[in-house]
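Student: dropping the sequence and predicted coords here.
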Amino acid sequence: MDFEVARTNMVESQIRTWDVLDQRILDVLLDLRREEFVPEAFRHLAFGDLDLPLGHGQFMLSPKLEARLVQELGVGPADHVLEVGTGSGFTTALLCRLAAQVHSVDVIPELSRAAASRLAAQDIRNATLEVGDAAAGWARHAPYDAIVIGGSVPVLPDEFKDQLAVGGRLVAVIGRAPAMTATLVVCVAPGVFTVTGLFETSIPPLLHAREPARFVF
């Protein structure tokens with residue numbers, strides 16, 4: 001399989017057509033070796049428009065979704081970013097090429113270790129990978145200029161908003177299948193946020209995602 005041809009086709013036929021037009025992101029996607037972040041058995045599907053299993057019940061999101069969520073985050077070269085759900089490490093790598101520092105947290109140690117090896121092999125050194133449950137935020141390195149949540153959540157815990165710097169952005173897919181919305185939250189002033197629905201989609205749930213409060217009568 002010619003990975004370079006497949007990579008170019010992925011960018012031109014999948015990602016551009018899904019309104020990912022930020023040239024910085026497109027350039028990184030043309031350079032990053034996505035096939036190196038995919039389990040060996042699925043390398044031939046690395047550029048397909050589908051989620052790929054990573055083991056432990058987890059999935060690598062399709063290329064167009066990874067790229068679109070990162071684009072909506074508006075990452076700049078001085079930004080400190082929190083990624084909830086390291087997964088394969090590919091979105092981590094994409095963020096690292098755009099930001100100053102990425103803190104990526106995964107609850108599954110095996111996935112975190114595998115991602116660390118992949119990032120090291122790509123000589124990506126501005127990522128801090130940690131193992132833990134960040135389903136309700138990760139205050140250790142807050143405040144963040146940008147936060148991306150790699151699995152869907154029924155509701156967005158307030159802790160995530162509290163961990164944004166002023167001017168900080170958060171992108172998450174909120175809701176339950178089949179009605180989920182990719183959502184952008186921006187901290188415009190201390191304690192003041194705008195919330196914008198971006199597009200409808202459906203992705204696998206984040207482990208340990210908080211459930212909405214239930215009223216008992």
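Tutor: In hand now; what should we look at?
Student: so Leu50, which of the three states?
Tutor: Per DSSP: H, G, I helix; E, B strand; the rest coil, the secondary structure class of Leu50 is coil.
Student: which non-adjacent residue is nearest it?
Tutor: Ser62 (5.6 Å; Cβ to Cβ, 6 or more residues apart in numbering). In this view, the C-beta of every residue, glycine as well, is placed from N, C-alpha and C.
Student: and the strands in the protein?
Tutor: Using DSSP state E, the strands of the chain run over residues 52-55, 58-60, 80-84, 101-106, 127-131, 144-149, 164-176, 179-189, 192-201.
Student: tell me the contacts of the nearest residue to Trp138 once chain neighbours are set aside?
Tutor: Of all residues not flanking Trp138 in the chain, Val105 sits nearest, at 5.2 Å (Cβ to Cβ, 6+ apart). Taking Cβ atoms under 8 Å, 6 or more residues apart in numbering, we find Val105 in contact with 82-86, 129-132, 134, 138.
Student: can you do 6 Å?
Tutor: 84, 130, 132, 134, 138 (Cβ atoms under 6 Å, 6 or more residues apart in numbering).
Student: same thing with Ser202?
Tutor: 177-178, 180 are the contacts of Ser202 under Cβ under 6 Å, 6+ apart.
Student: so how far is Leu32 from Phe90?
Tutor: With distances taken as Cβ to Cβ, to the nearest Å, Phe90 is found 7 Å from Leu32.
Student: of these two, which one has the most company?
Tutor: Phe90 (27 against 18; other Cβ atoms under 10 Å).
Student: how many neighbours does Cys29 have?
Tutor: For the record, residue 29 is Leu, not Cys. Neighbours of Leu29 (other Cβ under 10 Å): 23.
Student: picking up where we left off before, turn the strands of the chain into a markdown table, including distance to Leu207.
Tutor: Below are the strands of the chain laid out as a markdown table (distance: least, Cβ to Cβ, whole Å):
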| stretch | distance to Leu207 |
| --- | --- |
| strand 52-55 | 12 |
| strand 58-60 | 8 |
| strand 80-84 | 10 |
| strand 101-106 | 9 |
| strand 127-131 | 12 |
| strand 144-149 | 11 |
| strand 164-176 | 14 |
| strand 179-189 | 16 |
| strand 192-201 | 19 |
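Student: what's the most buried one of these?
Tutor: strand 80-84 (a mean of 27; mean count of other Cβ atoms under 10 Å).
Student: quick one: average pLDDT of it?
Tutor: The average pLDDT within strand 80-84 is 98.
Student: thinking again about what came up before, any idea what the residue nearest to Trp138 is bridged to?
Tutor: Val84, Glu130 (DSSP bridges).
Student: what sits against Leu29?
Tutor: Val11.
Student: can you rerun that using 8 Å?
Tutor: So Leu29 contacts 7, 10-11, 15, 63, 67, 94 (Cβ under 8 Å, 6+ apart).
Student: and Arg24, by the same measure?
Tutor: Taking Cβ under 8 Å, 6+ apart as the definition of contact, the neighbours of Arg24 are Leu98.
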